[in-house]
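Chemist: quick one, fold the following:
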Amino acid sequence: MLHGFVYFNYQTNTSMKHYDAIVIGSGQGGTPLAKKLAEKGLSTAIIERRYIGGTCINDGCTPTKTMVASARMLHLAKHRNEVGVNIKEVAIDFTAVINRKNKIVEQFRNGGLNGLLKTDNLDVIFGEASFINNKELKIKQLDGKEQQLSADKIFINTGGRPTIPNIEGLDKTPYLNSTTIMELKELPEHIIIVGGSYVALEFGQMFRRFGSKITVLEHSPHFLSREDEDIANVIKKFLEDEGIEIYTSCNTKKVSSTNNKITVTVNINNEEKELIGSHILIAAGRTPNTDALQLSNTGIKTEERGHIIVNEKLETNVDGVYALGDVKGGPEFTHISYNDYLIIYHNLFNNANESTKKRLVPYTMFTDPQLGRIGLNEDEAKKKNINFKVAKLPMNYVARAIETNETTGLMKAIVDADSKQILGAAVVGEQGGEMMSMLEIAMMGNLTHDVLRNAVFAHPLYAEALNNLFMQLDEDK
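Modeler: Sure thing, here's the model as predicted:
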């Protein structure tokens with residue numbers, strides 16, 4: 001049985017080793033898939049060029065939410081007097097925040113690696129993979145040596161990386177991305193953020209709470225354009241109330257660096273302006289990690305931005321080659337990558353016929369309060385010409401929110417006026433992601449809104465607000 005942690009020590013002309021399956025990338029889809037393939041008796045290799053765990057554990061979910069927790073704790077402490085708690089002094093230990101983050105990331109990363117190493121029939125290979133042809137790979141180690149592998153089935157889970165836009169002077173200016181900003185040793189004085197994405201806003205609020213000045217430059221004329229305007233406005237207001245500057249319709253023209261200061265020249269609503277900060281964070285989306293794969297040596301098709309094209313079963317146009325996670329485009333969330341793995345696994349081994357069609361795509365933005373989203377929003381329902389109703393409830397009408405001093409936010413649900421089915425929801429509030437998940441479960445179970453309206457929820461929970469939310473649809477109220 002193959003079992004181990006492999007560092008190849010072969011020269012380029014070494015004969016090719018064959019596997020039943022090769023997984024390229026150890027993200028939240030690739031890691032469990034490799035283990036399952038091996039457990040099913042397939043000789044399997046998983047190839048990782050950096051750290052086990054992919055973006056989520058190393059650069060995304062785990063480190064950011066760890067730091068968000070520190071920022072929230074500081075924010076609550078600063079507002080202690082509002083709930084009758086008196087503390088003489090509150091301060092942030094930025095070094096301790098980073099050390100805690102690093103410790104948790106290492107714990108998760110090592111846990112993932114150990115799980116792979118303990119799996120029989122699975123080789124863990126560290127190196128960068130590129131295609132020789134459809135089913136053959138070249139692996140380049142850090143020491144420059146190479147090994148060639150082949151497989152009957154290949155699964156690509158290489159994820160993505162921060163997109164760096166073509167801005168004049170950026171190549172000569174020290175800039176941060178969503179990974180390097182979490183490696184800072186000292187707290188920045190003023191961060192100018194290029195991009196108004198969910199990642200940008202999470203970092204913006206986090207560092208504002210730590211003590212940095214924050215300026216957000218959003219290219220679109222609409223703040224959080226994926227969300228309904230009322231939801232976006234609630235979020236924009238609480239961010240601005242915390243002192244974050246937000247500009248929309250902002251075109252970043254050029255950047256420069258002198259005397260440890262960053263100058264950003266922008267065009268805001270056709271008016272040129274210079275902004276000066278200590279740091280610049282580029283948060284302008286993500287680029288798929290397909291360039292190093294040398295897909296031009298294969299028949300695997302990609303779209304314009306480099307994402308691998310797959311069908312609803314995550315199959316590429318080349319038989320036996322699959323892509324899962326961010327590298328294939330579409331919703332770029334950890335939980336989607338994991339669900340991609342489940343679809344592939346069930347179809348391969350359980351004779352299932354699962355697909356990405358019609359799957360619900362929940363997501364949460366981990367600002368404080370959170371935004372939880374599922375299904376259609378109001379704008380999308382209008383475009384589909386659906387006969388729908390809207391239920392809305394401000395969080396300052398929620399008993400639990402008042403009791404916990406967490407009244408910022410809004411609950412909003414879209415329901416089919418004829419069938420009473422819940423079509424979608426957005427929850428901005430404390431535990432907004434958890435509340436959204438309750439509504440997602442209702443959608444999965446085809447529960448109508450009046451079932452939730454009349455359900456018995458323990459008092460006083462945030463969940464109980466679902467009674468009052470759907471009470472807004474009562475025609476005889």
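
Chemist: in the chain, which spans are helices?
Modeler: 30-39, 54-58, 61-78, 94-117, 198-210, 229-241, 334-349, 378-383, 399-404, 432-444, 449-453, 465-471 (DSSP state H).

Chemist: which residues does residue 108 contact?
Modeler: By C-beta atoms under 8 Å, 6 or more residues apart in numbering, the contact list for residue 108 reads 53, 57, 62. No exception for glycine: its C-beta is placed from N, CA and C like everyone else's.

Chemist: now those residues as a markdown table including distance to residue 303, pLDDT and neighbour count?
Modeler: A markdown table is the format used below for the contacts of residue 108 (distance: C-beta to C-beta, whole Å; pLDDT from 0 to 100; neighbours: other C-beta atoms under 10 Å):
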| residue | distance to residue 303 | pLDDT | neighbour count |
| --- | --- | --- | --- |
| 53 | 27 | 95 | 25 |
| 57 | 27 | 95 | 25 |
| 62 | 29 | 96 | 20 |
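
Chemist: and which of those residues is nearest residue 81?
Modeler: Nearest to residue 81 among the contacts of residue 108 is residue 62, at 32.8 Å by C-beta to C-beta.

Chemist: residue 102 - nearest residue in space that isn't next to it in sequence?
Modeler: Excluding the flanking residues, the one nearest residue 102 by C-beta to C-beta, 6 or more residues apart in numbering is residue 63, at 8.0 Å.

Chemist: so which residues of the stretch 351-477 of the chain form strands?
Modeler: Secondary structure of the stretch 351-477 of the chain (DSSP state E, counting those that start in this stretch): strands located at 363-365, 370-375, 388-394, 410-416, 422-429.

Chemist: what about the spatially closest residue to residue 471 that is not a sequence neighbour, how many neighbours?
Modeler: Excluding its sequence neighbours, the residue lying closest to residue 471 (C-beta to C-beta, 6+ apart) is residue 453, at 5.9 Å. Using other C-beta atoms under 10 Å, residue 453 is surrounded by 18 other residues.

Chemist: which ones are touching residue 453?
Modeler: Residues near residue 453 by C-beta under 8 Å, 6+ apart: 466, 467, 470, 471, 473, 474.

Chemist: how's the chain carved up into domains?
Modeler: 3-57+98-162+287-349, 170-284, 369-471 (automatic domain parsing).

Chemist: these two touch, right, residue 256 and residue 169?
Modeler: Yes: with contact defined as C-beta atoms under 8 Å, residue 256 and residue 169 form a contacting pair (4.9 Å).

Chemist: surely residue 374 and residue 360 touch.
Modeler: Yes: contact between residue 374 and residue 360 holds when scored by C-beta under 8 Å: they sit 6.2 Å apart.

Chemist: ok, those two, which is more surrounded?
Modeler: Shown here are residue 374 and residue 360; by other C-beta under 10 Å, residue 374 has more neighbours (27 against 12).

Chemist: look up how far residue 329 lies from that one.
Modeler: Separation of residue 374 from residue 329 (C-beta to C-beta, to the nearest Å): 20 Å.

Chemist: before we move on, what about residue 156?
Modeler: 12 Å.

Chemist: who touches both of the two?
Modeler: residue 308.

Chemist: which one's more surrounded, those two?
Modeler: When neighbours are counted by other C-beta under 10 Å, residue 156 and residue 329 differ, and residue 156 comes out ahead with 30 against 18.
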